[in-house]
Each structure stands twice: as C-alpha cells, then as structure tokens.
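*Asks:* Structure for the following, please:
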Amino acid sequence: MQSIPVGLVGVTGYTGMELARILAVHPVLKLTRATSRAEAGKPLKAIYPFLEGFPAGDVGISAPDAADLAASCKLVFLAVPHGAAMDYAAELLAAGLKVVDLSADFRLHDAGVYADWYNQDHRHPHLLPEAVYGLPELNSDRLKTAKLTANPGCYPTSVILGLAPALKNGLIELTDIVADSKSGASGAGRKAATAMLFCEVHDSFRAYNLGKHRHTPEIEQELSKLAGAAITLSFNPHLLPIDRGILSTIYTKLTRVLAVEDIHALYAAHYADKPWVRVLPVGKLPETRYVRGTMFCDIGLVVDPRTNRLIVVSAIDNLCRGASGQAVACANLMSGLPVDAGLFLAPMMP
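*Replies:* As a prediction, the model looks like this:
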C-alpha cells in the first residue's frame, strides 16, 4: 500500500515523543514533517536517540508552517497545549488538511463550558460541531469521514470505557458516580515543575485538583450522551510514582440486584467486537503493567452486595491508549485504514 505522509506539530512533549515512537514503525502513515520552534534545524534523532536507525529519525525538525505542511502532508497531528492547538487546527483545515488534535480544544461541544474550565475563550467555536470525539469504540463510523478529530483525554478514556456498557444497559443509577483515578507522572507533561521532580514524586502518592480537574466536563459530556440524560459525577485524580499508566476505580449504584456474572456477560457482549477492551474474568482485576505501551483497556468488575454497588476498575497506558496511540487509531480511520494499523502492540514487560 502506498504510504500516507503525515506531520507532527509539537514534537518535544511526551505525546509528541510517543507519536514519533509509534509512527516510526507504522506500515502506512509516514512521518514527513516534525515541528518545534525550539529544536528547528535538527534531525529528530538528535532529540530522540531511540529513533537512531529508523527513517523517522532522519526527519528534519522545522518551525511550524501551514503552507509547508499542506504541501507535504495529508494529515497532521497537533501535540501542542490547549489554547495554541485551536489556531493551528483552523489554519491547517483551511489549507485542506485533516487534523487530529491531542489537546482539549475541540473535545467540549459548548464553547461556554470550555471557557469556564480552561479560563479562555474559544477563538474558533464554528469548528466545534465539526470535531468528532476520537474514541474508536464509540465513534468509529464518524471518524471514517472526519476532517477534525478531538483526541480524548487520558482520564476520560479510562472512565468512559469503564462505564459505557453499564450506562447503555441501564445497570447503574445516574447519580452518585465517583471516579477515583490514578495516573503516572508522564500525564503531567514534560515541562519543568518542582512538583514533578523525582524526589517530589518518588516514594509518595498524592491527590490533586479534587473536584476541579479539567477532564471533568469532558467525562460528563460523553457519559451523558451514553445515558441519554445529564450526568454529574465526582472525579478525583491522583498522582502515582510511576512513569506511565492509569488505574481508575469507579464506584456506582446498581439499579437492581444483579450478580457479577450477569454484569460480566453484558460487558463481554458489549465489547465483543472491540478487541482493545479486555473484560477480565470475574475475580481478576487490572494492573497498569499489563497494558503498558499498548492500546488495551483492561476492565475488572466487582459487585458489593452489602452496598449494592458495582465497582468498575479500568487500566490503560496514559501515553499510548490515552493519547498518542489513540490519535493514530483515529488517523487510521480517517485515512481509510484498519483502526489497528501499526498498533498491534504487546505490553512492555516487566
């Protein structure tokens, strides 16, 4: 099959790094342009030595230029912060390119909600209805015709996949949902910050942004669509002293008395044709190490009969499934490729 040239705007962060790793061995999507103002003029392997010996490592880093990207690429990944991505997206879409945005700029349908949570106005609200939320298990058909994809956040991916079958089957109450999520340090990005220094993170465990994390409205928006009714949940993130991975423990109230075996059967049926979601056998619970570096979302189910709660535990890799790998899956669908092209990845063990 003929290769499809793609570009990467913002190559120096962890999501840009992970995209470079995945695209280096993709059978069809060929990394042709990589941009960074700070690193312009260098080959990609100069900042990422792990790309030595791969053709992608020889790609020259340049300053972002929409005309050059339009002349060289069919699709562009935006791995830049929220606020900056929306302007790049508007310019690249106008130049005729397809865009996968890894920031939060196009995830929320309501520009007012975006302004409330991200403390800035959305400068291109006319593009919000055009953006397709890039969760392949939910929106694969729409992604096949999308010009602009809003790549989901890492925490939302773990929570939405964990709750989708329960909501679609009316298993749980729509109130009193609590998502307790733990992420590795790479989820905070690559910028220098005292709170993320080794001695601040290692051998410790802490909560942060309780009740006010910016992924909250994204989770509520997508869960509400699944439920067909407005959902407000309590989302509580924590920082784990590991490099990568997310473990979400989600507490819900069952609408009726159900055995865990029956719920497991419904979950297994829901994801029967979604091979990246692995519903673990009853009695087994996910661990971050078993999804490291992959597209898998492992789900474990527990029913607490004393409280009539369904407890859902989900595990993903925050950089691959929760960001860059998912972006490549969306790009695959947008390019007419199988969703798993270049993404048949086994977990990195130990």
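*Asks:* wait, isn't residue 7 in contact with residue 76?
*Replies:* Yes. At 4.3 Å, residue 7 counts as touching residue 76 under the criterion of C-beta atoms under 8 Å. All C-beta atoms are positioned from the backbone trio N, CA, C, and that covers glycine.
*Asks:* higher neighbour count, these two?
*Replies:* For residue 7 versus residue 76, neighbours defined as other C-beta atoms under 10 Å are more numerous around residue 76 (30 against 26).
*Asks:* After the helix or strand that contains the more buried one, heading C-terminal, what element do we hit next?
*Replies:* Assigned by DSSP states H and E, residue 76 belongs to strand 75-78. Downstream of strand 75-78, the next assigned helix or strand under DSSP H and E is helix 85-94.
*Asks:* buried ones in that following helix?
*Replies:* Buried residues in helix 85-94, counting neighbours by 16 or more other C-beta atoms under 10 Å, are found at 85-86, 88-93.
*Asks:* Could you identify the most distant pair in those residues?
*Replies:* Greatest spatial distance among these (C-beta to C-beta): 85 and 93, at 11.9 Å.
*Asks:* Wasn't residue 323 part of a helix?
*Replies:* Yes. Assessed with DSSP: H, G, I helix; E, B strand; the rest coil, residue 323 lies in a helix.
*Asks:* List the contacts of it.
*Replies:* Residues counted as contacts of residue 323 (C-beta atoms under 8 Å, 6 or more residues apart in numbering) are 14-15, 18, 102, 151, 154.
*Asks:* what does residue 338 give?
*Replies:* Residue 338 is in contact with residue 332, counting by C-beta under 8 Å, 6+ apart.
*Asks:* So it versus residue 59, what's the distance?
*Replies:* Using C-beta to C-beta, to the nearest Å, one obtains 25 Å as the distance from residue 338 to residue 59.
*Asks:* How about residue 184?
*Replies:* 28 Å.
*Asks:* Ok, residue 282 next?
*Replies:* 47 Å.
*Asks:* Next: residue 146.
*Replies:* 25 Å.
*Asks:* same deal with residue 234?
*Replies:* Per C-beta to C-beta, residue 234 is found 44 Å from residue 59.
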